[in-house]
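**Student:** next comes the sequence, and after it the predicted model I'd like to discuss.
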Amino acid sequence: MVKRLVVGAHYGFRDWLVQRVTGTVMAFFTVYMLVRIAALPAWDNAAWRALMSGGFTKFVTFLFALSLFFHAWIGVRDIWMDYVKPISVRLTLHAITLLALTGYAGWVAQILWRL
């Protein structure tokens, strides 16, 4: 039997809390966008551009994207740690995942501020 050494009283608490906070942010954003989309006068490109051109909407959309990426990072990282045993493969997958999520965040920023 392997005995796990617990480093502190809050072992794993930070990841648990980040998952809950990012999930809550994404849930509120979803409700916000559903209400805003339901209130659109028309379902065309001009209405969508008007919806997404506001500074607040851009900000909460970017906040949603960052929350999604942090949420995904913790989930995928835990999958790699649980199921990939060779350390070199696991670290390579961690690096690829982190680089991809960072690139996606930059891409979202570019898209949002180009509108």
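**Tutor:** Received the coordinates, thanks. Numbering: from 1, shown residues only.
**Student:** what does the lowest-mean-pLDDT helix or strand in the chain contact?
**Tutor:** When each helix and strand of the chain is scored by mean pLDDT, DSSP states H and E, helix 45-53 comes last, with a mean of 91. Contact with helix 45-53 is made by 36, 37, 40, 41, 57, 58, 61, 112, 115, as judged by Cβ atoms under 8 Å, 6 or more residues apart in numbering. Glycine gets a C-beta too; all of them are placed from N, C-alpha and C.
**Student:** mind checking which of the residues you listed are buried?
**Tutor:** With neighbours counted using 16 or more other Cβ atoms under 10 Å, those contain these buried positions: 57, 58, 61.
**Student:** tabulate these (a markdown table), appending secondary structure, pLDDT and distance to residue 45.
**Tutor:** Formatted as a markdown table, the buried ones among the contacts of helix 45-53 follow (DSSP: H, G, I helix; E, B strand; the rest coil; pLDDT from 0 to 100; distance: Cβ to Cβ, whole Å):
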| residue | secondary structure | pLDDT | distance to residue 45 |
| --- | --- | --- | --- |
| 57 | helix | 94 | 16 |
| 58 | helix | 94 | 17 |
| 61 | helix | 96 | 17 |
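**Student:** returning to what we had before: and the two most separated of the contacts of helix 45-53?
**Tutor:** Using Cβ to Cβ, the contacts of helix 45-53 span at most 22.3 Å, a distance reached by 41 and 112.
**Student:** buried ones in the least confident helix or strand of the chain?
**Tutor:** For helix 45-53, the neighbour count (16+ other Cβ under 10 Å) marks no residue as buried.
**Student:** could you do stretch 80-88 as well?
**Tutor:** Result for stretch 80-88 [16+ other Cβ under 10 Å]: buried residues residue 80.
**Student:** give me the contact list for that stretch.
**Tutor:** Under Cβ under 8 Å, 6+ apart, the answer for stretch 80-88 is 90, 93, 94, 97.
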